[in-house]
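[1] Please work out how this folds:
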Amino acid sequence: MARAPSLAGVILAAGESTRMQRDKALLAWQGKTFLGAAMESLRPHCQLIIVVAGKNVDSLKPVVFAAGGFLVVNPDTDRGQFSSLQVGLQEVLDRGRDAAIVTLIDRPPAGPATVKSLKDRFLEEVRSGHWAVVPQYGEKHGHPIVIGREMIEAFLRAPAESTARDVEHKHQPHVVYVPVDDANVTMNVDTPEDYARLVR
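    Numbers count the residues shown, from 1 in each chain. All right, here's what the predicted structure looks like:
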């Protein structure tokens, strides 16, 4: 019987939050920050949590280290979010893990039941040759995604100008889309107005 994949959490937090005008990772959310809450949501399901930072690395250090996470820096955030994904996934492999739960920092974290259901579904699907589980709310696909070694390597092999969606669609037969009742998986909080609506 094959052993279960060893999961790391990856949080992409290297963006400059230009439209928000302050770091989205540090926005207050339910007594924590978006980053602190994201780490807490992944912790029960992952052996370690990796946060990908950029120019904001110094401001994220206290949150990441207080929560027992690992910090890795994308040295060239101008290349966009896909470059941060590649940096984070390379760190997953370098730390001896072969699967990951990947999420973004620009939204409140998915609920605990959602994360657990996605992880459990991935552990089922990986036995039948699938590489990834992606949540779907309504007609939209979202995060966190749960990916195995094959999808990690597909992301790492992709050209730098790719997007995660490009790679996902290229390997769609290996991806399972899971309907969830959790609007957070597709929510984007990009502007002060978005954030004001959320906290209201």
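[2] where's the most centrally placed residue in the chain, which helix or strand?
    Nearest to the mean C-alpha position of the chain, by C-alpha atoms, centre = their mean, lies Thr103 at 1.6 Å. If you go by DSSP states H and E, Thr103 is part of strand 99-104.
[3] which strands and helices sit next to that strand?
    strand 7-12, helix 34-42, helix 81-94, helix 112-125, strand 145-148, helix 149-157 (3 or more C-beta pairs under 8 Å, 6 or more residues apart in numbering; DSSP states H and E). Where you see a C-beta, it was placed from the backbone N, CA and C, and this is true even at glycine.
[4] Just the C-alphas of the fourth one, formatted as PDB.
    What follows is helix 112-125 as a C-alpha-only set of coordinates in PDB (Å, rounded to 0.1, in the frame of the first residue of the first chain):
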ATOM      1  CA  PRO A 112     -11.800  24.600   8.800                       C
ATOM      2  CA  ALA A 113     -14.400  22.200   7.400                       C
ATOM      3  CA  THR A 114     -13.600  23.300   3.900                       C
ATOM      4  CA  VAL A 115      -9.900  22.700   4.200                       C
ATOM      5  CA  LYS A 116     -10.400  19.300   5.800                       C
ATOM      6  CA  SER A 117     -12.800  18.200   3.100                       C
ATOM      7  CA  LEU A 118     -10.400  19.300   0.400                       C
ATOM      8  CA  LYS A 119      -7.500  17.500   2.000                       C
ATOM      9  CA  ASP A 120      -9.500  14.300   2.600                       C
ATOM     10  CA  ARG A 121     -10.800  14.300  -1.000                       C
ATOM     11  CA  PHE A 122      -7.200  14.800  -2.300                       C
ATOM     12  CA  LEU A 123      -6.000  11.800  -0.200                       C
ATOM     13  CA  GLU A 124      -8.800   9.700  -1.900                       C
ATOM     14  CA  GLU A 125      -8.200  11.000  -5.400                       C
END
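[5] Flag every buried residue along that helix.
    Residues Thr114, Val115, Ser117, Leu118, Lys119, Arg121, Phe122, Leu123, Glu125 are the ones in helix 112-125 that count as buried (16 or more other C-beta atoms under 10 Å).
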